[in-house]
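Visitor: model this:
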Amino acid sequence: MGDAAAGDIAVELRRRLASQAGVRMVFASAPSQADVLNALVRAPGIDWARVTAFHMDEYIGLPKAAPQRFANWLDAYVFDRVPLAAVYRIDPGDNPAETARQYAERLAAAPIDIVQLGIGVNGHIAFNDPPVADFADPLDVKVVDLDLECRQQQVDDECFEEVSQVPEQAITLTVPRLLRADRLFCMVPTRAKRAAVDAALNGPVATSCPASVLRRHPACTLYLDADSDPEV
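Guide: Just a heads-up that it's a prediction; the model follows:
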């Protein structure tokens with residue numbers, strides 16, 4: 001699954017770089033995305049020096065050097081492995097709301113070409129959990145409270161030892177901001193995600209499963225494995 005998705009993303013990057021001065025791309029960070037990113041950075045023929053990188057969410061309250069911080073995770077998997085034109089990391093700092101506002105301005109400076117994302121066990125995309133997801137959100141980036149199921153997933157993914165260690169808040173790109181990107185690639189492995197995938201594909205388009213809104217995007221490709229596919 002990771003190789004297939006990385007191959008398609010690489011094709012899209014090369015295609016856009018052949019006709020554009022640069023590409024602006026948003027990266028997701030989670031263990032479920034490790035395979036695709038490992039394959040993508042090895043893909044030949046990508047002029048990374050013309051790719052500007054963003055990421056879609058970040059915990060609030062973790063020390064800057066914490067390995068669980070998504071900026072640090074992406075440094076290890078992508079940002080430090082290819083010569084990107086620029087990398088814009090989310091650093092919550094002492095004023096997360098102001099950080100969110102400034103990050104929204106950076107995103108709005110030019111169109112976002114590509115988003116690489118996943119789906120959470122509760123159906124979230126980025127950190128838009130069912131209790132806070134808003135399909136008509138007026139903001140592009142905001143501070144959110146993380147629900148318990150989302151925080152438990154971070155423990156189940158072995159990112160934290162216990163749920164009390166998982167931050168209760170994060171900064172996230174909102175649903176409308178993600179959907180305004182031109183091309184979406186969504187990778188969702190493992191049996192733990194099967195129910196969320198089923199709801200996203202077959203349930204109502206509703207904030208009870210935020211990922212269901214991906215069905216409204218004209219160019220979103222979903223990648224599953226045998227464990228996550230509800231039809232297998």
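Visitor: could you give the average pLDDT over stretch 64-80?
Guide: Throughout stretch 64-80, pLDDT has a mean value of 96.
Visitor: also stretch 111-130?
Guide: 97.
Visitor: how about the helices in the protein?
Guide: Ranges of helices within the chain are 2-17, 34-42, 70-74, 96-108, 148-156, 175-179, 194-202, based on DSSP state H.
Visitor: next, format those as CSV and append mean neighbour count and distance to residue 230.
Guide: (Glycine included, C-beta is placed from N, CA and C.) As requested, those are exported to CSV (neighbours: other CB atoms under 10 Å; distance: least, CB to CB, whole Å):
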stretch, mean neighbour count, distance to residue 230
helix 2-17, 18, 18
helix 34-42, 19, 20
helix 70-74, 21, 28
helix 96-108, 16, 33
helix 148-156, 17, 18
helix 175-179, 21, 22
helix 194-202, 19, 4
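Visitor: in this protein, which residue is most central in space?
Guide: residue 28 (2.9 Å; CA atoms, centre = their mean).
Visitor: for the helices of the chain, which has the smallest mean pLDDT value?
Guide: helix 148-156 - the lowest mean pLDDT of the helices of the chain, at a mean of 92.
Visitor: who touches that one?
Guide: Residues outside helix 148-156 that contact it (CB atoms under 8 Å, 6 or more residues apart in numbering): 68, 120-122, 124, 127, 129, 160-163, 165-168, 192.
Visitor: what is the burial count for the residue lying closest to residue 215 once chain neighbours are set aside?
Guide: Leaving aside its chain neighbours, residue 215 sits nearest to residue 205 (5.9 Å; criterion: CB to CB, 6 or more residues apart in numbering). Using other CB atoms under 10 Å, residue 205 has 15 neighbouring residues.
Visitor: so residue 205 versus residue 137, what's the distance?
Guide: 15 Å (CB to CB, to the nearest Å).
Visitor: now residue 19
Guide: Residue 19 is 31 Å from residue 137, by CB to CB.
Visitor: what about the strands in the chain?
Guide: 23-27, 51-55, 57-59, 86-88, 114-117, 141-145, 169-173, 183-188, 220-224 (DSSP state E).
Visitor: could you dump those to a markdown table with distance to residue 74?
Guide: Listed next are those as a markdown table, based on distance: least, CB to CB, whole Å:
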| stretch | distance to residue 74 |
| --- | --- |
| strand 23-27 | 6 |
| strand 51-55 | 5 |
| strand 57-59 | 10 |
| strand 86-88 | 8 |
| strand 114-117 | 11 |
| strand 141-145 | 17 |
| strand 169-173 | 14 |
| strand 183-188 | 15 |
| strand 220-224 | 19 |
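Visitor: in CSV: those strands, plus mean neighbour count and distance to residue 232.
Guide: Formatted as CSV, those follow (neighbours: other CB under 10 Å; distance: least, CB to CB, whole Å):
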stretch, mean neighbour count, distance to residue 232
strand 23-27, 24, 28
strand 51-55, 21, 31
strand 57-59, 23, 29
strand 86-88, 15, 37
strand 114-117, 24, 22
strand 141-145, 20, 33
strand 169-173, 25, 31
strand 183-188, 24, 13
strand 220-224, 19, 8
